[in-house]
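Undergrad: The following comprises the amino acid sequence and a computationally predicted model.
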Amino acid sequence: MKYNFFMNVIRKLAYLILKCVFLIKVEGKENIPKAPYIICANHRSYLDPVLIILIFDERVYFMAKSELFRIWWLSPIIRAFGAFPVRRGKSDISAIKKAIEVIRSNNILGIFPEGKRNRTNEIVLKGEKGVATIIKATGAKVLPVAICGKIRPLCGITVRIGKPLEFKNKDEDNQKIVDTIMQSIKDLILNTNKIKKEKRN
């Protein structure tokens, strides 16, 4: 689903500002398939969902932690951009049903499989199994996305989009599916880091 004219103007202005401030670079846009599909990305900053919303031309419906929807001024904004609540640390059946509905309506779903921001020194955290349930219920492709670099002004952020993954075996273990997705994201990050080291040498 496309954004309306007003929201598109907001997105383009916001992206222009953030691109200048954070020196954003996007790689792999040619890998973006036709909807429906699921974007799975790593999560280190509150800016992560904003970056994805601004980079992808079609509306991305994000699972967002339910606490954000209790903030009176923020809730209408994130809802307008397609976010819907999920209770972290619990099996939120209503959020899973909403996610499946998004895919079956030929839209794009955005998920951070780690379930929370990664504040550790690990490249990625272990992913949660909820995304595998959605994949099995819909048969949707998964588009791995790696957000690399420090979220600081003028430090440079690279958003690298990988090739779509497909999981056709419905008997495959859910954790194995999620581990495959997280490994794909990790590989994208490590590849980016490798390129940076080669440039410095």
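TA: It's in.
Undergrad: Give me the below-cutoff pLDDT ranges for this structure.
TA: The chain contains residues with pLDDT under 70 at 89-90, 192-201.
Undergrad: Would you map the strands across it?
TA: Taking DSSP state E to define them, one finds strands in the chain at 24-27, 37-41, 60-65, 84-86, 108-111, 141-148, 157-161.
Undergrad: Output those as JSON lines; include the columns mean neighbour count and distance to residue 53.
TA: Glycine gets a C-beta too; all of them are placed from N, C-alpha and C. Shown next, in JSON lines, are the strands of the chain (neighbours: other Cβ atoms under 10 Å; distance: least, Cβ to Cβ, whole Å):
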{"stretch": "strand 24-27", "mean neighbour count": "16", "distance to residue 53": "13"}
{"stretch": "strand 37-41", "mean neighbour count": "23", "distance to residue 53": "10"}
{"stretch": "strand 60-65", "mean neighbour count": "22", "distance to residue 53": "6"}
{"stretch": "strand 84-86", "mean neighbour count": "20", "distance to residue 53": "14"}
{"stretch": "strand 108-111", "mean neighbour count": "26", "distance to residue 53": "8"}
{"stretch": "strand 141-148", "mean neighbour count": "24", "distance to residue 53": "12"}
{"stretch": "strand 157-161", "mean neighbour count": "22", "distance to residue 53": "12"}
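Undergrad: from the chain's centre, how far out does stretch 49-57 sit?
TA: For stretch 49-57, the gap between its own C-alpha mean and the chain's C-alpha mean amounts to 9 Å (Cα atoms, centre = their mean, to the nearest Å).
Undergrad: what comes up buried for that stretch?
TA: 49, 50, 51, 52, 53, 54, 55, 56 (16 or more other Cβ atoms under 10 Å).
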